[in-house]
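Chemist: please work out how this folds:
(2 chains)
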Amino acid sequence: MACFLVPMGEAVVTTVVQKVVKNRETKVGDGRAASTGLSWSRRLSWLNKMLWGGTALLALEHVWHGEVVPWPPFLTAMENPADIAPMLHEIATIGVAMAVTVTAAWGVMVLIAELKAKASMPRVKESPASRGV
Amino acid sequence: MWLIMTALAAVIATALWYVKGPEDKYKLGLLSLFLWGATLMWLVDHVMAYLTEGGEFLEISLDATLLGLAVIVLALFVWEIVLLISDPKGVLKKALKG
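Modeler: Okay, the predicted model is just below:
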């Protein structure tokens, strides 16, 4: 009914967080990003893309099924008081589960990228180009 | 049906991103993350609906197939808009100049 509103809310928050982190990294200069290529703003951009992509495509599905309309109150469930409670229940269960799953998948991606970056770091130090510098 | 079609599109987009990598000139990473985000969300939706309501896990019908196509078209459309705005090959810039 409106489960995509939870990932959308999370996407708004993480987009703002990413902008703040990016500004801070630009001002301070992230030494870790320079060595591994993985700044926190870049990692957060992966999460943002998944959340916004999922939200946009799920919104289309909801429009397709007539659950979202382009006029107020936008959600057809809001027109009937009997549908409001099931809608809120769906938001609280499926919506939250969607947001948690996408965030968990992103966490796994970040963990793998971090491990890969750490594994490649000693090789960078031992490369012929860096010897004698 | 739209879950399977979106997942298939996500797998193809990820494979193309890897083949063209590590340079992500054509923003295939964006397209694959877009599609994976939707795939994960629909997977959760389908699993929870199946566990609570039962019935068929996948809806296979003409309407569901058309929705799958519409979803892929929207994802490609958003990706192309982002690609045209960033214009990595400078095609738009050259076209507008001369």
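Chemist: residues touching residue B:35, list them.
Modeler: With contacts defined as C-beta atoms under 8 Å, 6 or more residues apart in numbering or on different chains, the neighbours of residue B:35 are A:53, A:57, B:6-7, B:9-10, B:13, B:75. In this view, the C-beta of every residue, glycine as well, is placed from N, C-alpha and C.
Chemist: are any of these buried, and if so which?
Modeler: Among the contacts of residue B:35, those buried by neighbour count (16 or more other C-beta atoms under 10 Å in any protein chain shown) are A:53, A:57, B:6-7, B:9-10, B:13, B:75.
Chemist: which one of these is nearest residue A:12?
Modeler: The closest of those to residue A:12 turns out to be residue A:53 (C-beta to C-beta; 14.4 Å).
Chemist: check the offset of whatever helix or strand that closest one lives in from the chain's centre.
Modeler: Assigned by DSSP states H and E, residue A:53 falls within helix A:40-64. Put simply, helix A:40-64 sits 7 Å off its chain's centre (C-alpha atoms, centre = their mean, to the nearest Å).
Chemist: I'd like the average pLDDT over that helix.
Modeler: Helix A:40-64 shows an average pLDDT of 95 in the prediction.
Chemist: for the helix or strand following it, buried residues please.
Modeler: Downstream of helix A:40-64, the next assigned helix or strand under DSSP H and E is helix A:81-90. Judged by neighbour count using 16+ other C-beta under 10 Å, the buried positions of helix A:81-90 are A:87, A:90.
Chemist: next secondary structure after helix A:81-90?
Modeler: Toward the C-terminus, helix A:81-90 is succeeded by helix A:96-126 as the next helix or strand (DSSP H and E).
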